[in-house]
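K.L.:
No sequence on hand, only this structure:
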């Protein structure tokens, strides 16, 4: 948890502002729609306004002015609804102060896709008169059950181009939680602008000043190759841009393994965390590449506390068919494990999704296996199926999540703009576990 410090009435200045970028997920808007009874044509317009008003209230209560604020009046207009997955930029600016009443008027503006205005207006608050500082708290919810390992020291992490609010905040939150010591690799001027908008103090934070995102990726790889950092963390640049620098033949970060991505997930209906791979890097992996994807996932599972991971090779059916390549690959991978070409886990496949996670479904279909119904790792046929499976579990199954890339000489925290703070922190937790493991067992 990080500290929240307010701005007293005397400290506030006209023109002072704060900005934040947020992306509403479908679940948030769906629940708000149900709350207000929006089920017919045009559903979502009231929910959209409620979501925007909630984010504005969060800014008032945590940043400007912060703890101790009292809302006195509010006049907001919502010219256009917000869609799920739409990036929204919100801004609060101090417009006027009344010393007799400590009332402060703030202008509220918000823009969505293509710069269209989604909220505008003013809010009037009574600003606190005294300094208040408290720890930020998180809403109750499902969290990944990962080994805490408080004895492990923070690891040095190159945070690549954290030039937006979510990625910069996440890096500093992970620092404050004792997970990482960040080195921010980005254009210094852009970093300072984002930090000023968030009222974040960057003093004491190492910054590698580079010209642009491409240079940031290249410089971060140099830092990892030189041993100055033990992990990389994606900021506000495209995944392809970062990974191209990592897998380049000149990067010095490649190993004999294929690089692959793992989602670590935990849902309310499954008794423990599990891994879905590969849902972000390898589009249509070959059998040889799938073998490395499995090896990477087994290594990760063992690092997060699963001594002998049970690996389910997924397909649409649980029988081998010459007309379904995924089933042939699954059978081949299992035979590779039998011959010692893949070690450290127990493999079975092909398994349909229901048979992999439900003992009841496996029993009904007559499947007897150490893996069926209790898989620790779900290996998908290709990126598209894996990405859809993981996102469905997150957005419809309320799964807590983290994302990490393995197969390089350092772990890579691969985040999305839509990822929650909890997801980013969990990803850093996994990166720290892997980095400490790599100190004695290099990949």
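P.N.:
Cool, the structure landed. Computed from a prediction, not measured in an experiment: that's the story for all the values here. Numbering: from 1, shown residues only.

K.L.:
for this protein, what spans make up the helices?
P.N.:
Listed in chain order, the helices of the chain (DSSP state H) span residues 26-35, 45-62, 165-176, 188-198, 213-225, 239-247, 287-303, 325-338, 353-357, 359-364, 383-395, 421-440.

K.L.:
If I average pLDDT within each of those helices, which one is lowest?
P.N.:
Note on those: lowest mean pLDDT is at helix 26-35, with a mean of 73.

K.L.:
Could you check how many residues crowd around residue 35?
P.N.:
11 (other CB atoms under 10 Å). No exception for glycine: its C-beta is placed from N, CA and C like everyone else's.

K.L.:
As a markdown table, the helices of the chain with distance to residue 130 would be great.
P.N.:
Putting those into a markdown table (distance: least, CB to CB, whole Å) gives the following:
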| stretch | distance to residue 130 |
| --- | --- |
| helix 26-35 | 34 |
| helix 45-62 | 16 |
| helix 165-176 | 24 |
| helix 188-198 | 23 |
| helix 213-225 | 41 |
| helix 239-247 | 45 |
| helix 287-303 | 47 |
| helix 325-338 | 63 |
| helix 353-357 | 53 |
| helix 359-364 | 58 |
| helix 383-395 | 41 |
| helix 421-440 | 28 |
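
K.L.:
out of these, which comes closest to residue 346?
P.N.:
Between residue 346 and those, the tightest spacing by CB to CB is seen for helix 325-338, at 7.7 Å.

K.L.:
what comes up buried for that closest one?
P.N.:
Buried positions in helix 325-338, judged by neighbour count with 16 or more other CB atoms under 10 Å: 326, 327, 328, 329, 330, 331, 332, 333, 334, 336, 337.

K.L.:
And stretch 243-250, by the same measure?
P.N.:
So, applying 16+ other CB under 10 Å, buried residues of stretch 243-250: 243, 245, 246, 247.

K.L.:
sorry, back to before: same list, the buried residues of helix 325-338, but as JSON lines with distance to residue 155 please.
P.N.:
Formatted as JSON lines, the buried residues of helix 325-338 follow (distance: CB to CB, whole Å):
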{"residue": "326", "distance to residue 155": "37"}
{"residue": "327", "distance to residue 155": "40"}
{"residue": "328", "distance to residue 155": "40"}
{"residue": "329", "distance to residue 155": "35"}
{"residue": "330", "distance to residue 155": "35"}
{"residue": "331", "distance to residue 155": "39"}
{"residue": "332", "distance to residue 155": "37"}
{"residue": "333", "distance to residue 155": "32"}
{"residue": "334", "distance to residue 155": "35"}
{"residue": "336", "distance to residue 155": "33"}
{"residue": "337", "distance to residue 155": "32"}
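
K.L.:
The residue of the chain most remote from its centre: what's it in contact with?
P.N.:
Distance to the chain centre peaks in the chain at residue 100, reaching 45.0 Å (criterion: CA atoms, centre = their mean). Residues near residue 100 by CB atoms under 8 Å, 6 or more residues apart in numbering: none.

K.L.:
State the distance from it to residue 9.
P.N.:
11 Å (CB to CB, to the nearest Å).

K.L.:
what's the overlap in contacts for the two?
P.N.:
Listed contacts common to residue 100 and residue 9 are nil; contacts here mean CB under 8 Å, 6+ apart.

K.L.:
in the stretch 1-150 of the chain, which ranges drop under the pLDDT threshold?
P.N.:
Applying pLDDT under 70 to the stretch 1-150 of the chain flags residues 1-3, 25-27, 38-44, 136-143.

K.L.:
Try it again at 80.
P.N.:
1-3, 23-45, 84-85, 135-144, 148 (pLDDT under 80).

K.L.:
Could you pull out the strands in it for me?
P.N.:
With strands called from DSSP state E, counting those that start in this stretch, the stretch 1-150 of the chain shows them at 3-5, 17-22, 70-77, 88-98, 103-111, 117-126, 133-135.

K.L.:
From the buried residues of stretch 243-250, pick the one nearest residue 163.
P.N.:
Using CB to CB, residue 245 is the member of the buried residues of stretch 243-250 that sits closest to residue 163, with 16.6 Å.

K.L.:
Skipping its backbone neighbours, what lies nearest the closest one in space?
P.N.:
Sequence neighbours aside, residue 217 is the residue nearest to residue 245 in space, at 3.9 Å (criterion: CB to CB, 6 or more residues apart in numbering).

K.L.:
which residues sit in contact with the one you found?
P.N.:
Taking CB under 8 Å, 6+ apart as the criterion, residue 217 is in contact with 160, 161, 237, 241, 242, 244, 245, 246.

K.L.:
didn't the last one look like it was pressed against residue 255?
P.N.:
Meaning residue 246. No - using CB atoms under 8 Å, residue 246 makes no contact with residue 255, being 11.1 Å away.

K.L.:
any shared contact partners between those two?
P.N.:
Jointly contacting residue 246 and residue 255 under the rule CB under 8 Å, 6+ apart are residue 408.

K.L.:
just how off-centre is stretch 390-397 within its chain?
P.N.:
13 Å (CA atoms, centre = their mean, to the nearest Å).
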